[in-house]
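**Student:** 3D model of this:
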Amino acid sequence: MSTHHNFNREEIKFLEGPQSRYKDFLFTLKVVFEFIKGFRVLHFVGPCITVFGSARFKEDHPHYESARKLSGLIAKKGFTIMTGGGPGIMEAANRGAMEVGGKSVGCNIVLPFEQHPNPYLQKYTNIRYFFVRKVLLLKYSYGLVAMPGGFGTMDELFEVLTLIQTMMIKRYPVVIFGKEYHAKLLEYVEDMKKNGTISPEDSDLYLVTDSIDEAVEFIATHTIIPFGLKPKVKSKWLWE
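**Tutor:** Okay, the predicted model is just below:
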């Protein structure tokens, strides 16, 4: 049995109910250490656009190629491409950035089946807790692209939308890429509006598109000027 697997079995116990105060304190210290480790690795990566999506798509899948091309064009705008660091869409996004000479970073999650960082990362950190990883991905991002994905992608997408909706973070561009793939999801969002559980204007928090060019333009328009970013001063954007 791997050490990563042992680690995860041990930490899962934290979620099973009350523990001693000493064990809770030790867990808190581990979480703080994970944050500090992430801050140290990612502090100088520059403004990032985070790309989420399934780890299960292979290199020959159309969604992989879309993520690769889209991320390359975003990187050409001066942004660092940030992902969860694993395979599939994450690999495609990091690969697209590197292929155009852009910057590519990741927050890889430590899982029982040992997800390995993909080979297209210039900097990355291994994170043991999903909630820590999500905070790090949000902290350094100026925009989000949600490619087709599974539970994890939906979790990350709706957490970002919730934080923007409740004004816990400054509004930034969110792109949901793939109209056909997300059609049922968007129908459900419309049902939520009809039932009054979200506001009609909440659907303005994101762009749904199949166009790579439209997605890139939407991100650039809602980041570079609103946030005062200056891509011509390269040293302020990217690490040396």
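**Student:** okay, helices next: where are they in the protein?
**Tutor:** 3-12, 21-42, 62-76, 89-99, 130-139, 151-165, 183-194, 212-221, 234-237 (DSSP state H).
**Student:** hey, which of these is tucked in deepest?
**Tutor:** helix 89-99 (a mean of 27; mean count of other CB atoms under 10 Å). Every residue, glycine included, has its C-beta placed from N, CA and C.
**Student:** so how many other residues sit close to Glu180?
**Tutor:** 8 (other CB atoms under 10 Å).
**Student:** for it, give me its contacts.
**Tutor:** Glu180 makes contacts with Asp210, as judged by CB atoms under 8 Å, 6 or more residues apart in numbering.
**Student:** could you do Leu42 as well?
**Tutor:** Val105, Cys107, Lys123, Thr125, Leu136, Lys139, Tyr140.
**Student:** compute the number of surrounding residues for the last one.
**Tutor:** Put plainly, it is Tyr140. Tyr140, neighbours per other CB under 10 Å, totals 21.
**Student:** in the sheet, who's paired with the nearest residue to it once chain neighbours are set aside?
**Tutor:** Spatial nearest neighbour of Tyr140, excluding adjacent residues (CB to CB, 6 or more residues apart in numbering): Cys48 at 4.7 Å. With DSSP bridges applied, the residues forming beta bridges to Cys48 are Thr80, Ser141.
**Student:** now for Cys48, how many residues are close by?
**Tutor:** Using other CB under 10 Å: Cys48 sits among 23 other residues.
**Student:** pLDDT value on it, please?
**Tutor:** pLDDT, Cys48: 96.
**Student:** quick one: contacts for it?
**Tutor:** Cys48 sits in contact with Phe79, Thr80, Ile81, Met82, Val105, Tyr140, Ser141, Tyr142, where contact means CB under 8 Å, 6+ apart.
**Student:** JSON lines for those residues, including pLDDT?
**Tutor:** Below are those laid out as JSON lines (pLDDT from 0 to 100):
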{"residue": "Phe79", "pLDDT": "95"}
{"residue": "Thr80", "pLDDT": "96"}
{"residue": "Ile81", "pLDDT": "97"}
{"residue": "Met82", "pLDDT": "97"}
{"residue": "Val105", "pLDDT": "97"}
{"residue": "Tyr140", "pLDDT": "93"}
{"residue": "Ser141", "pLDDT": "94"}
{"residue": "Tyr142", "pLDDT": "95"}
